[in-house]
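Chemist: I would like to see how this sequence folds:
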Amino acid sequence: MKITVTMFTTIMTLLGTLLGICVKSVLDHVFDEKSREREISDKLTMDQFNRLTDNLARLIEKCRVQIQEEQYTVHGSYWKNLGKTDAELSEAQKNVEERSSEIVGLKEICTSASYFLPNNDEKVRIKLNEITNIVDDEITSYYGAHIRFSDDGKKFLDKLNLIRQETLILMRDSIQIH
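Modeler: Have a look, this model is predicted:
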C-alpha cells in the first residue's frame with residue numbers, strides 16, 4: 001500500500017489535532033489546579049484577615065476597659081474611703097484578672113492570624129505587642145504614681161486608638177499590595 005501525499009497530510013493533521021487536544025487538556029488541568037489553589041489561598045487569607053480584624057476590635061475594647069478599671073485594684077484603701085465596698089473592690093480585682101487572661105488570649109489569636117497577611121505581618125505583630133505593653137507596663141506604672149484615672153491617663157486611651165488605626169492601615173496595605 002502506497003501512502004500518498006494527501007493521505008500523509010490527512011494523517012499528520014489528525015495526529016496534530018489529537019496532540020493539540022491532549023496538550024490543551026493537560027494545560028487546562030494544570031492552570032485550573034493552580035487557580036483553585038490560589039482561590040483557596042486567597043480565601044484562607046481573607047478568613048484570617050477578618051479574624052484578625054474582629055479580634056483586634058475586641059482586644060482594643062478589653063484594653064480600654066482594663067485601663068479604666070485597674071485603678072480599683074491598686075489603691076484599695078483610697079477607694080474604700082470614697083465608699084467602695086470590699087465586695088466591689090474584690091469584684092473589680094476578679095474582673096481585671098479575668099480580662100487580663102482574655103487580653104492575652106485575644107493577642108495570641110491576632111498574632112496567629114497576622115502570619116497569614118501577605119505583607120506587613122511583622123509590623124502588625126509589633127503593634128500588637130505595643131497594645132499589650134500599654135496594659136501590662138505603662139498603665140501599671142501610671143497607677144503606681146496616680147491614684148485614679150484622670151485626664152492625664154486618657155493619653156493611654158488615645159495611644160490605643162492610634163495603634164489600632166496604624167494596625168488597620170498596615171493590614172489594609174498588606175491586602176492591597178497583594
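
Chemist: what stretches of this protein score poorly on pLDDT?
Modeler: Along the chain, the parts satisfying pLDDT under 70 run over 1-2, 177-178.

Chemist: which ones are touching the residue positioned nearest the centre of the chain?
Modeler: Nearest to the geometric centre of the chain sits residue 52, at 2.5 Å (C-alpha atoms, centre = their mean). Listed by C-beta atoms under 8 Å, 6 or more residues apart in numbering, the contact partners of residue 52 are 110, 113, 114, 117, 124, 171. The way it works is simple: take the backbone N, C-alpha and C, and place the C-beta from them, glycine included.

Chemist: at 10 Å what do you get?
Modeler: By C-beta atoms under 10 Å, 6 or more residues apart in numbering, residue 52 lies in contact with 59, 109-117, 121, 124, 128, 167-168, 171.

Chemist: That one and residue 41: what is the separation?
Modeler: From residue 52 over to residue 41 the distance is 16 Å, taken as C-beta to C-beta, to the nearest Å.

Chemist: wait, doesn't residue 149 sit right on residue 143?
Modeler: Yes: with contact defined as C-beta atoms under 10 Å, residue 149 reaches residue 143; the gap is 8.2 Å.

Chemist: Mutual contacts of these two, please.
Modeler: Counting by C-beta under 10 Å, 6+ apart, the shared contacts of residue 149 and residue 143 are 67, 70, 71, 72.
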